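Trainee: Sequence and predicted structure below; questions after.
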There are 2 protein chains.
Amino acid sequence: MVAAAAVAEDAPGGDAPEDGPRDALIVFTPSGRRGRFSIGTSILSAARALGVDLDSVCGGRGICGRCQVVQSVGEFAKHGVSSRAEHLTAFGLVERRYHEKRAPLAPGRRLGCSTNLRGDVVIDVPPDSQVHRQVVRKRAEVHAIRVDSVVRLRFVEVARPDMHDPSGDLRRVEAALREEWDLADLRCDLEVLETLQAALRDGNWRVTVAVHGERDIVAVWPGLKDRVYGAAVDVGSTTIAAHVCDLSSGEVVASAGAMNPQIRFGEDLMSRVSYVMMNPGGEREMTAAVRAAVRDLLREAAEQGGTTPEEILDVTVVGNPIMHHLLLGLNPVELGQAPFALTVDRAIAIGARALEFGLHPGARVYLLPCVAGHVGADTAGVILSEAPYQRDEVSLVVDVGTNAEIVLGNRERMLAASSPTGPAFEGAQISSGQRAAPGAIERVRIDPASLTPRLRVIGNDAWSDESGFDADAVTGICGSGIIEVVAEMYLAGILDEDGVIRAEGAGRSDRVVRDGRTYAYVLHRGDIEVRVTQNDVRAIQLAKAALYAGVRLLMDRLGVERVDRIRLAGAFGSHIDVKYAMVLGLVPDCALEHVTSAGNAAGTGARIALLDRSSRSEIERTVRRIEKIETAVEPRFQAHFVEAMAIPHKTAAYPELAKAVALPARKPSRERGEGEGGERRRRRRGRGR
Amino acid sequence: MVAAAAVAEDAPGGDAPEDGPRDALIVFTPSGRRGRFSIGTSILSAARALGVDLDSVCGGRGICGRCQVVQSVGEFAKHGVSSRAEHLTAFGLVERRYHEKRAPLAPGRRLGCSTNLRGDVVIDVPPDSQVHRQVVRKRAEVHAIRVDSVVRLRFVEVARPDMHDPSGDLRRVEAALREEWDLADLRCDLEVLETLQAALRDGNWRVTVAVHGERDIVAVWPGLKDRVYGAAVDVGSTTIAAHVCDLSSGEVVASAGAMNPQIRFGEDLMSRVSYVMMNPGGEREMTAAVRAAVRDLLREAAEQGGTTPEEILDVTVVGNPIMHHLLLGLNPVELGQAPFALTVDRAIAIGARALEFGLHPGARVYLLPCVAGHVGADTAGVILSEAPYQRDEVSLVVDVGTNAEIVLGNRERMLAASSPTGPAFEGAQISSGQRAAPGAIERVRIDPASLTPRLRVIGNDAWSDESGFDADAVTGICGSGIIEVVAEMYLAGILDEDGVIRAEGAGRSDRVVRDGRTYAYVLHRGDIEVRVTQNDVRAIQLAKAALYAGVRLLMDRLGVERVDRIRLAGAFGSHIDVKYAMVLGLVPDCALEHVTSAGNAAGTGARIALLDRSSRSEIERTVRRIEKIETAVEPRFQAHFVEAMAIPHKTAAYPELAKAVALPARKPSRERGEGEGGERRRRRRGRGR
């Protein structure tokens, strides 16, 4: 593949003799790789020989512009190199043609394939010329995504057919790929064969081939093609999200979301499973619906990103086990009943045609592995994104949805479980609950003296006591709002530690009202009244106790009393104020600064799997070694659950936490009765009374 | 995989001590393999440990009946064994159940899995219990087909799902396949996944898995399934033939044929290519037509064989390059013009779904490789069937159709070419020509004195001068008939050596008649008159000269003056009387007894590829090393062609040949003029004048 051979670096060189030097030293930055090459060797050839990460699609023909480099001119004592401008061949015809006809080259930029050595040089490979570039993720604390797509574009010049050597077009394409790109033992899709003939002739025997996994020829285009796309898809029970990425830069060119049309078969997962149980064959309707939704979404996202579905060659998918099975056309009924048997748990790589995604005929789909019957490919995505298996400290990663998926561990050992929180955290089963959408109350503060609430809704930054707040726009309360209001109700003394709305509140404020045989707290009055009922508080207690009990179970199994860091993933985890999650005791003890939101970690995991081919085997290996805990059959789960019903659940972190949630203007509402632990008293004091 | 371990044969054994022997010697016939095993070891376990070819689908559960063996009772001095009846456990419960419930066991037959060693024995493995059994082919001179299908059935008991170990169904199936059948790193079709859940539960966790190539899980059924099928398909320009075979016995259970519906787009290949040229996209119509025809044919054949398309799991296909490309959906236009570039030459393995064959969803299709633009997968089939590459002597294999595919060589070197014979040998472009079908004249003898013909038609064994012949049933003359009549016309002196119908014949018989400016020979008078015109003779001369010239070209290249054996393949080769082919000089010198018909060798090749998995890599390797000769660009082709126009072409074999075709009652018609070679005179004399 590489013509120029590196000669030993200690071979004679240095200053040019009478007839000029015979070889020269090249030092690449930032890699620091160095070697001696014959005068006249191209920078690209030297880079390849030294294993320097310098991109090229066209194979050194000066047309793709991927191998741009910059000479560092000057004396480099550290490298022992005097890198003079005249040590490279002058800006030549090929570069001029590229600069004028294809894309302007920034000052100082050279095409590595068309620039040759004349003497010692230091050559810098800018990030955009590296194959394995990295995409910086939004959240600084998480590692950047390495970009090394499983799909690679390879431009080749193919021998013309010859009656004396009647080999097929494909064989000659393969010969060119072997010759120019060192690719061997390739397979070729029938769909590619259908287009191969025309592509070769339209491109005058110069074509760009897309190779998947250095193994499968999945597409071919006439001439040079230097950009293809991939998509990371997160199939949730409620919404489906897709991110279309440039497979060489890793950049997200468009993101789009849509409702999961399966909602018409049932709002939550279990009602969809019930639908299949009641309507044999119903899984086929749901499969068709979700596939069509993904297809439409990908088309929409592609168009937003200035491309087309035909340019999408690779897709990664995450989703919970039921969504995963329905997307694949597998009956989900077994997942709705013990022993919750998955049909397949391992990662799946198939043609996108099988899933009717309407993409390029050679496009492939990769579904991340499922961990267990309740812990799906979405959790695998979270694990890949958060990578707790790469850390020494013990991480707790929680993804809250209808169930809470819980992952606990470090590089030594990883555990996972699902806890049956029910949908309360998503605003379901709450009297005024709703999804996180404009109009939903998401922030709440209750004055402990007057019991008057201040609140904020999604879609408006103004608090309810500020100008700009529109009281009529309030439509309900979302999951993170529920957490805050229940926590604030407790902090304001409206709730007792058993979660009972105290009758005496009704005497202190007209916000506490009788509601049948119990009491309710009126959070908002307007077109729509939003109240928090005793049943709502119970639902949150049950949910948080289930979550906490699941976490404790894993901690017991791992043998730890504390975790070093907590990451809250998913929409709920993104919106929640972690302080209130701790006040309510959703998660165990942890220093507050180490409890953070992980954002849409499942989607990020899908994006990592899309952009970094090595991450696929990484997550497959990791998932296999995870110990799965089935909470339903663990006798200690019930004990933990009962213990965790109280608000707040007692933990050592509360003093710090109480300080964090203290409201400056707050006055003591009343003295609590005796029987509380000293710890809780300390917490109260810490709150600044 | 195998529990029982062979112990060294020289371990103590022999007569039973007080407490009985601890191990025993077992000798298997016909393999001769032998070893000592612990008392109680099953015959199947011992066979596996010794690598003896003893079949089993159910893995030793006494339900499939594939491991039947017969004990040879007596003293076997040769083996040093006294094989007594009581040295095997008695006919037991498992065998009785199999015998009564499943299929009766023939006397003496035992189930190897359920019969255990008690002492030294000689055990015979009958052919039907061998995995690698052989199917005897019809023609004795050709090697038998080894039966070792790429699809294997594996019965397994799968662990039930367990909440404490939430692995997917597939993982547990794979574990069972690894445990019981030593199969690892399997892949699984999505289509199988769709049926896996139900199969496992319907079969109460006992299923039969079909594994393709020890790599792909392609089907799963509840319970035991011990029979699946494959099909060998020969897609000809005119007809399509399919043979459905039992993949374990290799037996052909049904054969069916149909017209290729592409005929409506053009009778011959070139007119179909023209159709595509004139009607862009026309290749898609033809692809749909041929796929539908194969689908219908396979359904018909499956039903004839007492099975269904859903039980067909593997298909092999042969066909000429244009049929090959059209079946795959590849545009054939490039194959109709120089340089005759194939899109793909190598063998193709794809899912049968891609070709819309309507079989089991996991069925696979294997298309044999093409040799060159004019020498297709049909020729690969002929080569596989004839296996000239396994012989020391030089074989010439000729498959005559619209073109003649010519293969020449031996184990050292192989050459192939296609010669543009045109369709005359198929009865086309002949004034009274027709396809080989009932009513076509296929045998002709002309009395050299009276010039009166005797003839026989397809579908009637009576000669025209015998009772039972129906003169009105004659419809035309087929390819082999044409060869015979032209040869007989020459032998009777009606033709001169340049192929001219002599005017003087008209004076000798009313069978020779004026026909415009030339003469014709009236072969048959009746409802339809069948005559052989001067143009007909010319067409045959051109065809036979093209064939001969192609053969000579390969002989030149190989550097041989004679070939050791000649095999005539295809329908033409099956029907032709090889003597007449030699009289006309279609093929070069060869001892007459070594010139034989190969039957439908292409179809046989497809059947070999279907039944013997190792034959696939064998033909792929062979085809790659074949040297392809393009007759159109070989300067010597024209010279050979011109030289070969004369009848008969002079060769050293004619004396013998003349003897072979001599007709006892024949009288000299007239003395030939001077100028003939002595050799030809010898031939005449040899004819017994």
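Mentor: Yep, it's here.

Trainee: Give me the distance from the one helix or strand A:E95 maps to to the chain's centre.
Mentor: Using DSSP states H and E, the element containing A:E95 is helix A:93-97. Taking Cα atoms, centre = their mean, to the nearest Å, one finds helix A:93-97 lying 41 Å from the centre of the chain it belongs to.

Trainee: Show me what that helix is in contact with.
Mentor: A:62, A:105, A:110-111, A:113-115 (Cβ atoms under 8 Å, 6 or more residues apart in numbering or on different chains). Every residue, glycine included, has its C-beta placed from N, CA and C.

Trainee: Pull out the buried positions in it.
Mentor: Neighbour counts over helix A:93-97 (16 or more other Cβ atoms under 10 Å in any protein chain shown) mark A:94-95 as buried.

Trainee: related to what we said a few turns ago, same list (the contacts of helix A:93-97) but as a markdown table, adding secondary structure and neighbour count.
Mentor: Listed next are the contacts of helix A:93-97 as a markdown table, based on DSSP: H, G, I helix; E, B strand; the rest coil; neighbours: other Cβ atoms under 10 Å in any protein chain shown:
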| residue | secondary structure | neighbour count |
| --- | --- | --- |
| A:G62 | coil | 21 |
| A:L105 | coil | 17 |
| A:R110 | strand | 20 |
| A:L111 | strand | 29 |
| A:C113 | helix | 28 |
| A:S114 | helix | 22 |
| A:T115 | coil | 25 |
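
Trainee: Break chain A down into its structural domains.
Mentor: Using automatic domain parsing, the domain ranges for chain A come out as A:23-129, A:145-222, A:229-367, A:374-689.

Trainee: and B:I441, which of those domains is closest to it?
Mentor: Across these, B:I441 has its closest neighbour in domain A:145-222 (37.8 Å, Cβ to Cβ).

Trainee: check whether stretch A:394-411 contacts chain B.
Mentor: No. If you take Cβ under 8 Å from any Cβ of the partner chain as the test, stretch A:394-411 misses chain B, and the best it gets is 13.1 Å.

Trainee: That stretch: how far from the chain's middle?
Mentor: A distance of 15 Å separates the centroid of the chain from that of stretch A:394-411, by Cα atoms, centre = their mean.

Trainee: In contact with A:V228: list those residues for me.
Mentor: Counting by Cβ under 8 Å, 6+ apart, A:V228 touches A:151, A:153, A:210, A:219, A:247-248, A:311-313.

Trainee: at 6 Å what do you get?
Mentor: A:247, A:311, A:313 (Cβ atoms under 6 Å, 6 or more residues apart in numbering or on different chains).

Trainee: Distance to chain B, secondary structure and pLDDT added to the residues you listed, as JSON lines?
Mentor: Shown next, in JSON lines, are the contacts of A:V228 (distance: Cβ to the nearest Cβ, whole Å; DSSP: H, G, I helix; E, B strand; the rest coil; pLDDT from 0 to 100):
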{"residue": "A:L247", "distance to chain B": "24", "secondary structure": "coil", "pLDDT": "96"}
{"residue": "A:E311", "distance to chain B": "22", "secondary structure": "helix", "pLDDT": "97"}
{"residue": "A:L313", "distance to chain B": "19", "secondary structure": "strand", "pLDDT": "98"}
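
Trainee: follow-up on the earlier one: comparing the domains of chain A, which yields the minimum mean pLDDT?
Mentor: Out of the domains of chain A, domain A:374-689 stands lowest, with a mean of 86 (criterion: mean pLDDT).

Trainee: Tell me how far it lies from the chain's centre.
Mentor: For domain A:374-689 - counting by Cα atoms, centre = their mean - the centre lies 22 Å from the chain centre.

Trainee: Then stretch A:239-248?
Mentor: Centroid separation for stretch A:239-248 versus its chain: 10 Å, with Cα atoms, centre = their mean.

Trainee: Which helix or which strand is home to the most centrally placed residue in chain A?
Mentor: Nearest residue to the geometric centre of chain A (Cα atoms, centre = their mean): A:T604, 0.6 Å. Using DSSP H and E, A:T604 falls within helix A:601-611.

Trainee: what does chain A put close to chain B?
Mentor: A:161, A:163, A:166-171, A:190, A:193-194, A:196-197, A:329-331, A:339, A:341-345, A:350, A:354, A:372-373, A:628, A:630, A:633 (Cβ under 6 Å from any Cβ of the partner chain).

Trainee: Please tell me I have it right and A:S255 contacts A:H243.
Mentor: Yes. Using Cβ atoms under 6 Å, A:S255 is in contact with A:H243, at 4.8 Å.

Trainee: The two: who's more crowded?
Mentor: It is A:H243, of A:S255 and A:H243, that has more neighbours when counted by other Cβ atoms under 10 Å in any protein chain shown, with 24 against 16.

Trainee: which SS class is that one?
Mentor: Following DSSP: H, G, I helix; E, B strand; the rest coil, the label given to A:H243 is strand.

Trainee: ok, it to B:V125 distance?
Mentor: 61 Å (Cβ to Cβ, to the nearest Å).

Trainee: For A:S72, list each beta-bridge partner.
Mentor: Listed by DSSP bridges, the beta-bridge partners for A:S72 are A:V122.

Trainee: tell me, how many neighbours does it end up with?
Mentor: Counted with other Cβ under 10 Å, A:S72 comes out at 16.

Trainee: contacting residues around it?
Mentor: So A:S72 contacts A:83, A:122, A:124 (Cβ under 6 Å, 6+ apart).

Trainee: Quick check, the second one in contact with A:F76.
Mentor: Yes. Between A:V122 and A:F76 a contact is recorded at 5.2 Å, counting by Cβ under 6 Å.

Trainee: Give me the more crowded residue out of these two.
Mentor: More crowded of A:V122 and A:F76, by other Cβ under 10 Å: A:V122, with 23 against 16.

Trainee: so how far is A:Q130 from that one?
Mentor: 17 Å.

Trainee: A:S255 - that's part of a strand, no?
Mentor: Yes. Under three-state DSSP, A:S255 sits within a strand.

Trainee: any idea how far A:A49 is from A:F28?
Mentor: 11 Å.

Trainee: out of these two, which sits in the busier spot?
Mentor: Here A:F28 and A:A49 are compared on neighbour count by other Cβ under 10 Å; more neighbours surround A:F28, at 23 against 19.

Trainee: In which helix or strand does the more buried one reside?
Mentor: Using DSSP H and E, A:F28 falls within strand A:23-29.

Trainee: what's in contact with that strand?
Mentor: Under Cβ under 6 Å, 6+ apart, the answer for strand A:23-29 is A:7, A:13, A:34, A:36-39, A:46, A:52, A:79, A:81, A:117, A:119-124.

Trainee: For the closest residue to A:P321 other than its chain neighbours, which residues are in contact?
Mentor: Distance criterion Cβ to Cβ, 6 or more residues apart in numbering or on different chains; nearest residue to A:P321, sequence neighbours excluded, is A:G376 at 4.1 Å. Neighbour list for A:G376: A:320-321, A:324, A:370 [criterion: Cβ under 6 Å, 6+ apart].

Trainee: Tell me the one of those nearest chain B?
Mentor: Chain B lies nearest to A:C370 out of the contacts of A:G376, by Cβ to the nearest Cβ, at 7.1 Å.
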